[in-house]
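Asks: using only what follows, build the 3D model:
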Amino acid sequence: MVTLSQQKPMFSFYGDDFTGSADALEALASNGVPAVLFLRPPEPDDLRAFSHCLAIGIAGDSRSRPPDWMRATLPAVFGRLREIGAPIVQYKVCSTFDSSPEIGSIGCALEIGQDVFGAPYVPVVPAAPYLQRYVAFGNLFAAGEGAIHRIDRHPTMQRHPVTPMVESDLLLHLGRQTSRRLALVNILALRANMFAFATSAAGVLFDGVEPSDLEQAARLVWEHRHAPQSFVVGSSGFTHGILEYWRAQGWLPEGGFCPSAQPADRVLVLSGSCSPVTGRQICRALRAGFHGIRLNPLMTGNQGYDASVESEALEQLGAGRSVILYSALGPEDDVAVADRPAFAAATGRMLRRLIQSSGVGRVAIVGGDTASQAVQELGIQALTFRAPIAPGAPLCRAHGGPHELDLVLKGGHVGSERFFDDVLQ
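Replies: Predicted coordinates for the structure are as follows:
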């Protein structure tokens, strides 16, 4: 019988932002697959330090980058994943699929991956039912404000500050990002198992509404994988699907892995999200006793703060209070930033100084683009899964960096209103 331990590693991935990368890390580790997420392409010594891991991830920021950057950067990263040798290599994207021909082009990444891995076609699996993200007849739907919305009518995603979703038909949406031919495996064909892979299509998009649909899609990808590796574009829904398929084969333990962590004495939060979900979470935390400090990029330029902000945060942390540094309390409160990556990187450098000076041991960074830029300023080598908090936003242990640190990376739309209380407790 084939077992996961007979082939190392069995799965690898590149996340197009850091919050999504942590989401994939949680999916793997919580299902009993030892996993590590590197914050840069790992060298041989890095891999030896985590030689017990069966899944290897690399966190990236291509979601906020133009195609020229992707063509200059991703071939080497994908080449490193090819050298690592896992039979499945995933380009991990958010299940909201937000992207454009100019920024975070999923079509561009598909083309690069197809060329690097020599794949006749690339499966594309965006749905993530456990996050209430569904694809039916090629159209994407997502939960928000207590209802299920077509993605181009979603209260947050239709107004995303960088890549607003204005098209729900993913064949049309992706077709604007690549000139290569695309095909659809619709929900009826998927469930009936009555289709053949369109060998003339470069990208094959899979519908998915229920977890069993993702397991079926993953089974087809696994059983029709290319030798020696298959390149897949997908959300964490695909990751969960392949894990359930492996469990059905008896390759994974039943029940998974669900550890717990002790409460922290205080938490330091950096939020660059303008999601209404995050806005409500911040307001709830402030009512619960967290100390809030507004970062005003219009007032202070791309630096994002002045000396009084940093000293105020340090004073409050020193008094034993949890602190939230935030740039918005929802979409109506958002302000224009001339250079968002530079703003996020500047706040990341401030975050590192606050961690070093205060000794705070638990930190949360909110917003995909913010996390992708800010985390790179912390000097962290890698992350491993520590405990669940909310689906898609686990508590991680940081390896390297200022000192021993628990780190949470959260997408703006993830988590309940009590999220920051849960991080603390």
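Asks: setting aside sequence neighbours, what's the nearest residue to residue 74?
Replies: Of all residues beyond its chain neighbours, the one nearest residue 74 is residue 112 (4.9 Å), with distances taken as CB to CB, 6 or more residues apart in numbering. Any C-beta I mention is one placed from the backbone N, CA and C, and that applies to glycine too.
Asks: quick one: contacts for that neighbour?
Replies: Applying CB atoms under 8 Å, 6 or more residues apart in numbering to residue 112 gives the contacts 70-71, 74-75, 78.
Asks: nearest to residue 238, of those?
Replies: Compare each of these with residue 238 using CB to CB and the shortest gap goes to residue 78, at 17.1 Å.
Asks: my guess is the closest one contacts residue 117, does it?
Replies: Yes - using CB atoms under 8 Å, residue 78 is in contact with residue 117, at 7.1 Å.
Asks: which of the two has more neighbours?
Replies: Set side by side, residue 78 and residue 117 show unequal neighbour counts under other CB atoms under 10 Å, the larger going to residue 78 at 22 against 19.
Asks: report the secondary structure state of that one.
Replies: Using DSSP: H, G, I helix; E, B strand; the rest coil, the secondary structure recorded for residue 78 is helix.
Asks: contacting residues for it?
Replies: 14, 89, 112-113, 116-117, 231.
Asks: and with 6 Å instead?
Replies: Shown here is residue 78, whose contacts under the criterion CB atoms under 6 Å, 6 or more residues apart in numbering are 113, 116.
Asks: all strands of the stretch 51-200 of the chain, in order?
Replies: Assignment of strands within the stretch 51-200 of the chain using DSSP state E, counting those that start in this stretch yields the ranges 55-59, 88-92, 122-125, 133-136, 139-144, 147-150, 182-185.
Asks: got a ChimeraX select line for the buried ones in the contacts of residue 112?
Replies: Under the burial definition 16 or more other CB atoms under 10 Å, those of the contacts of residue 112 that qualify are selected in ChimeraX by:
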select :70,74,78
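Asks: quick check: of the contacts of residue 112, which lies closest to residue 308?
Replies: Among the contacts of residue 112, residue 70 lies closest to residue 308 (CB to CB), at 38.9 Å.
Asks: with adjacent residues omitted, what lies nearest to that closest one?
Replies: Using CB to CB, 6+ apart and skipping residues adjacent in sequence, the residue nearest residue 70 is residue 108, 5.0 Å away.
Asks: for that neighbour, give its distance to residue 10.
Replies: Per CB to CB, to the nearest Å, residue 108 is found 27 Å from residue 10.
Asks: go on, residue 278?
Replies: For residue 278, the distance to residue 10 (CB to CB) stands at 34 Å.
Asks: neighbour count winner among those two?
Replies: The residue with the greater number of neighbours, taking residue 278 and residue 10 and applying other CB under 10 Å, is residue 278; the counts read 28 against 22.
Asks: okay, now the domains of the protein?
Replies: The domain map for the chain lists 4-248, 268-424, with the assignment taken from automatic domain parsing.
Asks: and the last one, what's its mean pLDDT?
Replies: Yep, that's domain 268-424 we're talking about. Computed over domain 268-424, the mean pLDDT rounds to 88.
Asks: ok, now stretch 174-187?
Replies: 96.
Asks: and for the helix or strand encompassing residue 325, what's in contact with it?
Replies: Counting by DSSP states H and E, the element that carries residue 325 is strand 323-326. Contact partners of strand 323-326, identified using CB under 6 Å, 6+ apart, comprise 268-271, 282, 290-293, 295, 313, 316-317.
Asks: just for the stretch 51-200 of the chain, where's the confidence low?
Replies: Applying pLDDT under 70 to the predicted model, the residue ranges of the stretch 51-200 of the chain that meet it are 197-199.
Asks: one more time with 80
Replies: Low-confidence segments of the stretch 51-200 of the chain, defined by pLDDT under 80: 195-199.
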